[in-house]
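[1] Sharing a sequence plus its predicted fold:
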Amino acid sequence: MNKGRHVLVEMRNIAKSFPAPQSRLPVLADLSLRIHAGEITAVMGPSGCGKTTLLQITAGLLDWDQGELIKESGLRLAYVFQEPRLLPWMTVEENIRLAQGGFLPPAEAEPLRLRLLKRTGLELYRKAYPLQLSGGLRQRVELVRALAVKPDLLLMDEPFQAVDLGWKEQLQELLLEEHSQAGFGVILVTHNPEDALMLADRVVVLSDKPTVIRKEFPVRIPRDQRSIRTGPLLEQLGEVLELVRE
Amino acid sequence: MKPSIFSRTAAGAAGILVVLVVWHVMADRYPALILPSPIETLAALRGLWQAGLLWPNCLITLQRSLAGFGLAFAAGFVLALAAKANGFCRNLLRPLCTTAQIIPPVVWIILAMIWFGVARNATVVFLIFIVTFPVVFINLFSGLSSIDTRLVEMARVYRFPPAQRIIHVYLQAILPYLLSAASIGIAFAWKSAVFAEFIGSSSGVGFALSMAYSNLETEKVFAWTLVLIAVMLIFEYGILGTARKRAVRWMQHE
């Protein structure tokens, strides 16, 4: 388990461009970022600035053009995709079990899976196929699958976008509980400054393309005092909104 | 509203009944040489069974069909994989497949008889292969092209072992295409086998048909035709139908 503050992933001057009709479209210009164990880093920025690209590079799904990416050896990754990527021909439980198979022995995997399914209200849907579920339910399965592999680093791409408000709070609570117990690192890509401030230890704000880090700051409010209705969070929310809108 | 299984079966049975009645009425107006009645056809079928001709001939044609289809399926699968992986292979194979499809089967059977000889198994199997291969290849290539790369990426992130990736991601994704290739391929193989046996063989259902035709035993032509239809229906609805239902269970409650 990765308790403590050691570095899980370090990006040094990462640059990434994509082919465009005329030339290449630079997306990430020069990005340096360290992700620590036990830390939740929220990444915000304008649409199309490369937030998902950053997650994909970290996950090893995309190559980059320049720079260096150093990952802790044997790093166990989980990814909550923006649009759920569940195997449609497998039931909810089979999807989760298959992902666990590569990481955990069955004796450890099963109780964890069942606990998470129960906690997220998915117990009744264990034998359902993804196409039978609503977008919000699929997103919940996606989150359960990610937590069920006991990751060292959890990559989350707008994980609460399709989830209804009532469940959003419960899922965020679950994420924080699991995080405080297991101490995994998180990169949370979000458009929502409230989500960033409720969950993150640190917020990284990206610029428009070609993207660099515009600002990086810690969330000052202690976790147990974070509530969307209290003064300190509202105060910092104002700062973040200003930064994002600039 | 979707018709129930009962109403669909009833409609199908009614269609067959209409054909049988029309056949019977028409057969009354013509001699058996031109159009034998359903009863005469069934009698001929019983005669073939009692003479011990039915099963051995069917078995030979089935063996040849499965051999030709098996070869076409294996070659189609390997080459579809190669075409998917490599642009050069893709550009090489596609025009060849199209050309093979354009050439009429009769040309292939003539060539097969010249190359392998008349009344040889290889002649029949070759025709089945050459007719079936392009269909299998095109279907499987489409299947491979339809694999959702987002699911492949997910499997990479969660480090599915190679065997699980092949079984749970790739094979499941192309399963509908595999079944479609099997369905069309087997039907092609069966028809080609009968055609090849009719032209250049001394055994099998096709040869039996050519004998019945030469001897002007029209009721036997009809009897063998019923056998050909029955075998394909058993394969299509009995074997492939069940497999198809199981394969797409997950789509049924969308």
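    Looks like it arrived, so ask away. From a predicted model like this one, the values you see are computed outputs, not experimental measurements.

[2] For the spatially most central residue of chain A, give the beta-bridge partners.
    What sits nearest the mean C-alpha location of chain A, by C-alpha atoms, centre = their mean, is residue A:156, with 1.8 Å. Beta-bridge partners for residue A:156, by DSSP bridges, are residue A:80, residue A:188.

[3] Go ahead and confirm it touches residue A:184.
    No - Residue A:156 is beyond contact range of residue A:184, at 11.2 Å (criterion: C-beta atoms under 8 Å). Heads up, the C-betas are built off the backbone N, CA and C, glycines and all.

[4] did I read that right, residue A:64 in a strand?
    No - counting by DSSP: H, G, I helix; E, B strand; the rest coil, residue A:64 is not part of a strand but coil.

[5] Just give me the neighbour total for it.
    19 (other C-beta atoms under 10 Å in any protein chain shown).

[6] Next: the one 3 residues further on.
    For residue A:67, the number of neighbouring residues by other C-beta under 10 Å comes to 16.

[7] which stretch of helix or strand covers it?
    Element membership for residue A:67 (DSSP states H and E) is strand A:66-71.

[8] swap in residue A:113?
    helix A:106-119.

[9] Just the element for residue 46, please.
    Chain wasn't specified; assuming chain A. Residue A:46 belongs to no helix or strand, assigned by DSSP H and E.

[10] switch to chain B, that's the one I care about
    Residue B:46 is part of helix B:38-50 when elements are defined by DSSP H and E.

[11] what's that helix packed up against?
    Contact here means 3 or more C-beta pairs under 8 Å, 6 or more residues apart in numbering or on different chains; DSSP states H and E; on that basis helix B:38-50 packs against helix B:5-29, helix B:54-85, helix B:218-233.

[12] what mean pLDDT would you report for it?
    If you average the pLDDT over helix B:38-50, you get 95.

[13] Not counting its own residues, what contacts it?
    Residues from elsewhere that reach helix B:38-50 (C-beta atoms under 8 Å, 6 or more residues apart in numbering or on different chains): B:20, B:23-24, B:27, B:32, B:36, B:54-55, B:208, B:217, B:219-220, B:222-224, B:226-227.

[14] Which residues of chain A lie near chain B?
    Residues of chain A lying close to chain B (C-beta under 8 Å from any C-beta of the partner chain) are A:59-61, A:77-79, A:81, A:83, A:85, A:87-90, A:98-99, A:101-103, A:129-132, A:145, A:149.

[15] Among those residues, which are located in helices?
    Residues of these located in helices (DSSP state H): A:59, A:98-99, A:101, A:145.

[16] worst-scoring helix or strand of chain B, pLDDT-wise?
    helix B:241-247 (a mean of 84; mean pLDDT, DSSP states H and E).

[17] any idea how far that helix is from the chain center?
    When C-alpha coordinates are averaged (C-alpha atoms, centre = their mean, to the nearest Å), helix B:241-247 and its chain have centres 17 Å apart.

[18] which intervals of chain A have sub-threshold pLDDT?
    A:1-4, A:225, A:227-235, A:244-246 (pLDDT under 70).

[19] Go again with 90.
    Within chain A, the stretches with pLDDT under 90 are A:1-5, A:20-24, A:47-48, A:74, A:102, A:161-166, A:169, A:192-194, A:197-198, A:208-246.

[20] residue boundaries of the strands in it?
    Taking DSSP state E as the test, the strands found in chain A are A:7-19, A:24-36, A:40-44, A:66-71, A:77-80, A:153-157, A:185-189, A:202-206, A:211-218.

[21] circling back to that earlier point, which stretch among the helices and strands packed on helix B:38-50 comes nearest chain A?
    Among the helices and strands packed on helix B:38-50, the nearest to chain A by C-beta to the nearest C-beta is helix B:54-85 (19.0 Å).

[22] Pull the number of nearby residues for residue B:245.
    The number of residues near residue B:245, taken as other C-beta under 10 Å, comes to 10.

[23] who touches it in this structure?
    Counting by C-beta under 8 Å, 6+ apart, residue B:245 has no contacts.

[24] One more: residue B:96?
    Residue B:96 neighbours (C-beta under 8 Å, 6+ apart): none.

[25] now swap in the one 5 residues further on and tell me
    Residue B:101 is in contact with B:134-135, counting by C-beta under 8 Å, 6+ apart.

[26] Check the gap between it and residue A:26 for me.
    Applying C-beta to C-beta, to the nearest Å, the value for residue B:101 to residue A:26 is 47 Å.

[27] Ok, which of the helices and strands packed on helix B:38-50 comes nearest residue A:220?
    Residue A:220 sits nearest to helix B:54-85 of all the helices and strands packed on helix B:38-50, at 53.1 Å, using C-beta to C-beta.

[28] quick check: angle from that closest one to helix B:38-50?
    Direction vectors for helix B:54-85 and helix B:38-50, defined by axes from the mean of the first three to the mean of the last three C-alpha atoms, to 10 degrees, enclose an angle of 90 degrees.

[29] what separates the following helix or strand past helix B:54-85 from the chain centre, distance-wise?
    Toward the C-terminus, helix B:54-85 is succeeded by helix B:87-102 as the next helix or strand (DSSP H and E). Helix B:87-102 sits 22 Å away from the centroid of its parent chain (C-alpha atoms, centre = their mean).

[30] Buried residues, helix B:87-102. List them.
    Of all the residues in helix B:87-102, those buried under the rule 16 or more other C-beta atoms under 10 Å in any protein chain shown are B:93, B:97.

[31] Check which residues of the helix or strand that it is followed by are buried.
    Next along the chain after helix B:87-102, taking DSSP H and E as the criterion, comes helix B:105-116. Within helix B:105-116, the residues that count as buried by 16+ other C-beta under 10 Å are B:105, B:108-109, B:112-113, B:116.

[32] Unless I'm misreading it, residue B:53 sits right up against residue B:207, doesn't it?
    No - using C-beta under 8 Å, residue B:53 is not in contact with residue B:207; the gap is 10.6 Å.

[33] When those two are compared, which one has more neighbours?
    Neighbour totals were compared for residue B:53 and residue B:207, and residue B:207 leads with 22 against 16 (other C-beta under 10 Å).

[34] Quick check: mean pLDDT of whichever strand or helix holds that one?
    Using DSSP H and E, residue B:207 falls within helix B:205-214. Averaging pLDDT along helix B:205-214 gives 95.

[35] Export it to CSV, keeping only CA atoms.
    This file holds the C-alpha atoms of helix B:205-214, laid out as CSV (Å, rounded to 0.1, in the frame of the first residue of the first chain):
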residue,chain,number,x,y,z
VAL,B,205,-26.2,-35.6,-53.1
GLY,B,206,-25.2,-33.6,-56.2
PHE,B,207,-24.2,-36.8,-58.0
ALA,B,208,-27.5,-38.5,-56.9
LEU,B,209,-29.4,-35.5,-58.3
SER,B,210,-27.6,-35.8,-61.6
MET,B,211,-28.4,-39.5,-61.8
ALA,B,212,-32.1,-38.8,-61.0
TYR,B,213,-32.1,-36.1,-63.7
SER,B,214,-30.5,-38.5,-66.3
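
[36] And that helix, what does it pack against?
    If contacts are counted by 3+ C-beta pairs under 8 Å, 6+ apart, helix B:205-214 sits against helix B:54-85, helix B:172-200, helix B:218-233.

[37] Check the ones you listed for me: which has the lowest mean pLDDT.
    helix B:172-200 has the lowest average pLDDT among the helices and strands packed on helix B:205-214, namely a mean of 90.
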